[in-house]
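1. compute the structure for the input listed below.
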Amino acid sequence: MSVKSIDFTPVDDAVVIEIERIEEESSGGISLPEEYRERKQMSIVEGILVKTGSLAFYDLINNQTELSKNSGEQIYPEIGNKVYFKRHSGILHSDKENKREFRIIRDQDIYAFEKCEVKENL
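-> Residues are numbered from 1 along each chain as shown. Next comes the predicted model:
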């Protein structure tokens with residue numbers, strides 16, 4: 001996955017996560033029903049953080065302890081980080097034109113993150 005710009009903006013404490021796209025056909029060429037694909041998409045629990053609302057992670061940023069400030073430890077995810085979130089949270093958004101799938105969730109539904117190198121595809 002890559003971090004590319006998206007044409008919508010989350011509000012308040014919402015975040016946008018790009019998730020793996022479930023293909024429309026099985027490896028054997030059988031067309032999968034849309035309901036099945038949507039159910040599979042909603043059960044994914046990891047993805048790449050691509051955009052945040054203006055209040056996302058506000059509490060974490062403002063309550064950052066002196067210890068974490070001095071150590072340089074990152075206490076909240078940033079754009080491009082891999083995040084792990086609550087199963088079935090938020091809503092699913094499909095960008096069919098670019099074949100990308102997103103979940104729009106609240107920042108509180110993210111349980112963990114890891115820094116990762118994501119290359120931007122232009």
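
2. okay, CA-based contacts and neighbour counts for the rest of this
-> Will do.

3. and the helices in the chain?
-> For the chain, the helices defined by DSSP state H occupy 34-42, 58-62, 66-71.

4. so what's the most centrally placed residue in the chain closest to, chain neighbours aside?
-> Centroid-nearest residue in the chain: Ile17, 1.6 Å away (criterion: CA atoms, centre = their mean). Spatial nearest neighbour of Ile17, chain neighbours left out: Leu49 (4.5 Å); criterion: CA to CA, 6 or more residues apart in numbering.

5. ok, the one you found - contacts?
-> Contact partners of Leu49, counting by CA atoms under 8 Å, 6 or more residues apart in numbering, are Val15, Val16, Ile17, Glu18, Pro77, Glu78, Ile79, Gly80, Asn81, Lys82, Val83.

6. doesn't Arg87 make contact with Ser43?
-> Yes. Contact criterion CA atoms under 8 Å: Ser43 and Arg87 qualify, at 5.5 Å.

7. picking up where we left off before, tell me which of the helices of the chain is the most buried.
-> helix 34-42 (a mean of 14; mean count of other CA atoms under 10 Å).

8. identify the residues contacting that helix?
-> Taking CA under 8 Å, 6+ apart as the rule, helix 34-42 contacts Ile19, Glu20, Arg21, Ile22, Glu23, Glu24, Arg87, His88, Ser89, Leu92.

9. may I have that helix exported as CSV, CA atoms only?
-> Provided in CSV are the C-alpha atoms of helix 34-42 (Å, rounded to 0.1, in the frame of the first residue of the first chain):
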residue,chain,number,x,y,z
GLU,A,34,-20.6,-7.8,-3.1
GLU,A,35,-22.1,-8.7,0.3
TYR,A,36,-19.3,-11.2,0.9
ARG,A,37,-16.6,-8.8,-0.2
GLU,A,38,-18.0,-6.0,2.1
ARG,A,39,-18.2,-8.4,5.0
LYS,A,40,-14.5,-9.4,4.5
GLN,A,41,-13.5,-5.7,4.2
MET,A,42,-15.2,-4.9,7.5
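
10. okay then, goodbye and thanks.
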